[in-house]
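Q: 3D, please:
(2 chains)
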Amino acid sequence: AQSVTQPDIHITVSEGASLELRCNYSYGATPYLFWYVQSPGQGLQLLLKYFSGDTLVQGIKGFEAEFKRSQSSFNLRKPSVHWSDAAEYFCAVGGAAGFKTIFGAGTRLFVKA
Amino acid sequence: EPEVTQTPSHQVTQMGQEVILRCVPISNHLYFYWYRQILGQKVEFLVSFYNNEISEKSEIFDDQFSVERPDGSNFTLKIRSTKLEDSAMYFCASSPHQGADYEQYFGPGTRLTVT
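A: Numbers count the residues shown, from 1 in each chain, chains lettered A, B, ... in the order given. From the prediction side, this is the model:
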């Protein structure tokens, strides 16, 4: 079955500290992987995507993610978190043209001063 | 940069009423989708649409729901008789054409409140 697991419901980090949000997926075919960010009451903003090639992908706002096929993981990282990064982060799989996107349950990031 | 637009941004309706949520996908895109997000929950796929017909739908997308592309630009989601549990954010998305390396572009969403 196709699924996405984000094991952490919420994470709190100090401003300036590094961040890693975990994501594991189950998908029968070659996965297309995404990370989205959502601020309260807002839409979904694409942070980055992985389709093929280099397994370390760079995104907007200083985020990066690494695809590890052997671990079925696509963890999101940022070396130094800013207070404005506080939001909900969704990992997703699929989503190429014609295929549905399956979202994880999300991880809410809190940033403390 | 082209973007998906949705109207209205917020819709309030009474239980049992029909609602139509509207989306304008990016102009050269061929695949269209609806997703919903109940408050505090994850985003769930509802339906995908291609070549004027539904290509895939989830179990959520029952007979109360329908989609239509009435003209060359709009893509609509109709809920025939709304229930309280239909209250959610509804996102429209579109993607260019079949094949690898093309993502879905999401609109800003319509918040539907059923009272």
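
Q: which stretches of chain B have low pLDDT?
A: B:98-101 (pLDDT under 70).

Q: middle-most residue in chain B, spatially?
A: residue B:34 (3.0 Å; Cα atoms, centre = their mean).

Q: phi, psi for it please.
A: For residue B:34, the backbone dihedrals (degrees, to the nearest 10) come out as phi -130, psi 140.

Q: residues contacting it?
A: B:21, B:23, B:46, B:47, B:67, B:77, B:90, B:91, B:92, B:93 (Cβ atoms under 8 Å, 6 or more residues apart in numbering or on different chains). Glycine gets a C-beta too; all of them are placed from N, C-alpha and C.

Q: and residue B:65, by the same measure?
A: By Cβ under 8 Å, 6+ apart, the contact set of residue B:65 is B:46, B:47, B:77, B:78, B:79, B:80.

Q: for the residue nearest in space to the middle of chain A, which non-adjacent residue is spatially closest?
A: Closest residue to the average C-alpha location of chain A: residue A:35 at 3.4 Å, with Cα atoms, centre = their mean. Nearest non-adjacent residue to residue A:35, counting by Cβ to Cβ, 6 or more residues apart in numbering or on different chains: residue A:47, 4.4 Å away.

Q: could you tell me which strands the helix or strand the one you found falls within is paired with, and in which direction each runs?
A: Secondary structure from DSSP states H and E places residue A:47 in strand A:45-50. Next to strand A:45-50 in the sheet, as set by DSSP bridges, lie strand A:33-38 (antiparallel).

Q: picking that back up, what lies in contact with the strand holding residue A:47?
A: Contacts of strand A:45-50 (Cβ under 8 Å, 6+ apart): A:31-38, A:57-61, A:63-65, A:67, A:74, A:76, A:89, B:103, B:106.

Q: get me the contact residues on chain B for chain A.
A: For chain B, the residues found near chain A under the criterion Cβ under 8 Å from any Cβ of the partner chain are B:30-31, B:33, B:35, B:41-45, B:48, B:50, B:55-56, B:58, B:91, B:93, B:95-104, B:106-109, B:111.

Q: mind checking which of those residues are in strands?
A: Residues of the residues of chain B next to chain A located in strands (DSSP state E): B:31, B:33, B:35, B:43-45, B:48, B:50, B:55-56, B:91, B:93, B:95, B:106, B:111.

Q: may I ask which of those residues has the most neighbours?
A: residue B:33 (30 neighbours; other Cβ atoms under 10 Å in any protein chain shown).
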